[in-house]
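# Below is the structure, and that's it, no one-letter string:
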């Protein structure tokens, strides 16, 4: 007897087995595609963080440094030009105050860049430190079951009742 003859005899069973096999394959493909989607999303988020960090480090900070150099040169040239004028003292004081404000703004920009980098480093360090604890918590949660929790609760309630009874029955207790 060949397999076709057997399948014709047990055709409802064969069809059911084939349908179950196909359903299992579809479910497996669905789970795999979902896992691939989640992995791709995670990679996208990590890539975005890396790109932002790279943009700040490679483009924003060098551009700010260039603007600072150029502006410093313009301010110095303006100071030299105004130093030759007869009313230089108020202009020099004004230029010095402007230069100080500009330096403060640039320092704040640098500080913001450093804060962003420190934030990235802190987030990465925290993520690495959290991973073992999160895994351990997940393992503990999977090990908990309702009957065990009920037994622990009853044991604690009994212990509490016993302590209350001992307190009320203690003859040496001050009233």
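Noted; the coordinates are in hand. Predicted model only: the values in this text are computed from it and were never measured.
# Low-confidence stretches in the protein?
Scanning the chain with the threshold set as pLDDT under 70 gives 1-18, 20, 85-88, 137-138, 140-145, 170-175.
# By residue count, which helix of it is the longest?
Counting by DSSP state H, the longest helix found in the chain is helix 88-143.
# Distance check, the residue nearest the centre of the chain against residue 32.
Geometric centre of the chain, nearest residue: residue 123, 6.3 Å, by CA atoms, centre = their mean. Going from residue 123 to residue 32 by CB to CB, to the nearest Å gives 30 Å. All C-beta atoms are positioned from the backbone trio N, CA, C, and that covers glycine.
# do the same with residue 61
42 Å.
# just residue 150 next, same as before
39 Å.
# Please apply the same query to residue 38.
Note on residue 38: its distance to residue 32, by CB to CB, is 11 Å.
# any idea how far the helix or strand harbouring residue 24 is from the chain center?
Applying DSSP states H and E as the criterion places residue 24 in helix 11-55. Distance of helix 11-55 from the chain centroid (CA atoms, centre = their mean, to the nearest Å) equals 23 Å.
# Heading C-terminal from it, find the next helix or strand.
Past helix 11-55, the next helix or strand by DSSP H and E is helix 61-83.
# Could you give me the buried positions within stretch 90-108?
Going by neighbour count (16 or more other CB atoms under 10 Å), the buried part of stretch 90-108 is 95, 99, 106.
# what about residue 83, neighbour count?
Residue 83: 12 surrounding residues under other CB atoms under 10 Å.
# Just give the closest residue to it, not the sequence neighbours.
residue 92 (6.5 Å; CB to CB, 6 or more residues apart in numbering).
# Hmm, residue 82 and that neighbour touching each other?
Yes: counting by CB atoms under 8 Å, residue 92 does reach residue 82; the two are 6.4 Å apart.
# any shared contact partners between the two?
Here residue 92 and residue 82 share no contacting residue, scored by CB atoms under 8 Å, 6 or more residues apart in numbering.
# can you give me how far stretch 100-107 is from the chain middle?
32 Å.
# Repeat that for stretch 47-56.
For stretch 47-56, the distance to the chain centre is 15 Å (CA atoms, centre = their mean).
# in that stretch, what's buried?
Buried residues in stretch 47-56 (16+ other CB under 10 Å): none.
# residues in contact with it?
Stretch 47-56 has contacts (CB under 8 Å, 6+ apart) with 113, 116, 117, 120.
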